Each structure stands twice: as C-alpha cells, then as structure tokens.
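Undergrad: What follows is a protein structure lacking sequence information:
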C-alpha cells in the first residue's frame, strides 16, 4: 500500500489527518457510510481445504489490511500462513516483532536485497505510486527475476491458497500492486505453482465509491497530489476495482484484525487511515461490527 511522497508532504498529510480525526466524533454513523451495502455468497471453500497452508503475497506488508480478518480466522483454525512482500515498512522504535506475526508466521522479503525496480528515465520521473502502463512494466520492474524467485519459493512452501490484492487496479492504482499480483496470476494460469485458488482482496462498489472516490481522492487533491485511482482507470483501461465473488464474516476475529492494524508503525498507519477510515477511533468489536465482512474475487482452475 506504500505511497512515497516527500518528507514535508507526509508531515502536512499527517497533520491534516489529525485535524480531520479530531473534528470527527466517535459515532458509528461516522463510519457506516463507508461500509458495504451489498451482499455476496459466503465463502465455503476455505473451510473444506485439507492442505491448510496459505501465503499472503503483496508489494508492501500493509497491503493485506482488507483481508487480515480472514487470514487471522485461518490462523485460528490451525493454518500455516506466511506473508511475503517486496517491501516492508520500518518497525516502530523499540519493537522487534513484525505486525504480521499477529495474523500469521510473520513477514519475509521475496527478494533479499529488496531491489525489484530497474532504474530508467520513465520510472525516475514519476511518483512511485502512480499507475504505469503495462507496456512499461518490463522496463520498470525486474519481472523475470521476481517471477523466477516466486515460482521456486511457492513450490517449496506448497500452499493451497494465495491471498493477494487484485491484478487489475491493485486496490487503488499502485503499479507495484498490479505488478506483483499479475505475476501470481500468470504463474497460476501457466500451472507453474501448486495452488488451487487465489483470493484477491477487493472492495464492493459502494465501498469503492465512498472510500476511494469520495474520501481518498479529495484528500489527495487537497494535498496537491494526483489521484492514482483516477489515473489508474485510464492507464489500465478499466472501470475500477474488480467485483467480489464471495464474502467472509470476520466479526468473531475483530480483535485479531484490530491488533494487527494497530501494531504497525506510525508511518504505515498514516496510509492505513486513508483506506480504513477512523479505525483507531473505535474498539475492535464496534468498528468491525460495521465493517463485518471482507470481500474477495476468487481465481480458480
């Protein structure tokens, strides 16, 4: 989920979020407008899997915030789960435990040196979070290197399921999200990895409109930054985030998800506040009583 901007802009953005948060009363009505109004079939596949091994694969370690409740549910059911990312956020000072250990066995870098981008004129002149046409991916990213490493590591771990963001919009347009998620889909469709299904964490149309379009986009514009979501719709030639296929009720796992979100450093939580509005203003039961479900597009054989 990482959005890289200048230090001064981060400070300004943080102060703006604090200002907005301070003016917002801690009432359920404040967040109800962001919650899904749609319903989808309840997922019943994950309860039937015999090989209880799963991977969370994403560009950044906080990208799974929309699916953390489901992952924590699986952990409680005895699944062996690891989080693999291209990049991690620094831990809070004095903390040696990565937040991912709340919902799984912890975080691991896909590439040990964390170098997954090439240096080229097109890449260096743009903010890292802004969408990139797919035809430029080969020049921007170390595609074959990442793909080869992922193929080897996934086969060694032998999971039945992979959790990721979607490979079309990447949540809100971030090209690093689209890049890594597309590699997973390609490996799956090429039958190079042993998994049975990919669960892509997505939002509903209502959530997309209220959180991404009406809440996040005006904030970006207010701070003087272009909206990756609006640009992404044009660059990737899509209408928005893919439609969910299934939903998972996470109310019984609210505490685990909230502990996971709050375990991140302040830098990471600055970004989380943009996508999970006011989550720090409520207790877990209240907040995830409103945001009671997580939604997935399921890619299967």
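TA: Looks like it came in fine. These figures come from a predicted structure and were not determined experimentally.
Undergrad: CA atoms for contacts and neighbours, from now on please.
TA: Fine.
Undergrad: average pLDDT across the host helix or strand of residue 234?
TA: Per DSSP states H and E: residue 234 is located in helix 228-235. Taken as a whole, helix 228-235 has a mean pLDDT of 96.
Undergrad: Quick one: list the elements packing against the helix or strand just after it.
TA: Where DSSP H and E defines the elements, the next helix or strand beyond helix 228-235 is strand 246-249. Using 3 or more CA pairs under 8 Å, 6 or more residues apart in numbering; DSSP states H and E as the contact criterion, the elements in contact with strand 246-249 are strand 293-300.
Undergrad: Let me see the ranges of the strands in this structure.
TA: Listed from the start of the chain, the chain has strands (DSSP state E) covering 53-60, 80-87, 107-109, 161-165, 197-202, 246-249, 293-300.
Undergrad: who's in contact with residue 215?
TA: Applying CA atoms under 8 Å, 6 or more residues apart in numbering to residue 215 gives the contacts residue 274.
Undergrad: So it versus residue 277, what's the distance?
TA: With distances taken as CA to CA, to the nearest Å, residue 215 is found 9 Å from residue 277.
Undergrad: any idea what sits nearest residue 42, other than its immediate chain neighbours?
TA: Excluding the flanking residues, the one nearest residue 42 by CA to CA, 6 or more residues apart in numbering is residue 247, at 5.0 Å.
Undergrad: Turn the strands of the chain into CSV, columns for mean neighbour count.
TA: Putting the strands of the chain into CSV (neighbours: other CA atoms under 10 Å) gives the following:
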stretch, mean neighbour count
strand 53-60, 25
strand 80-87, 22
strand 107-109, 19
strand 161-165, 26
strand 197-202, 24
strand 246-249, 20
strand 293-300, 20
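Undergrad: Make CSV from those and add distance to residue 134 and mean pLDDT to it.
TA: As requested, the strands of the chain are arranged in CSV below (distance: least, CA to CA, whole Å; pLDDT from 0 to 100):
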stretch, distance to residue 134, mean pLDDT
strand 53-60, 16, 98
strand 80-87, 19, 97
strand 107-109, 24, 96
strand 161-165, 17, 98
strand 197-202, 19, 98
strand 246-249, 28, 98
strand 293-300, 21, 98
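Undergrad: Out of those, which is closest to residue 257?
TA: The stretch from these with the least distance to residue 257 (CA to CA) is strand 293-300; that distance is 11.3 Å.
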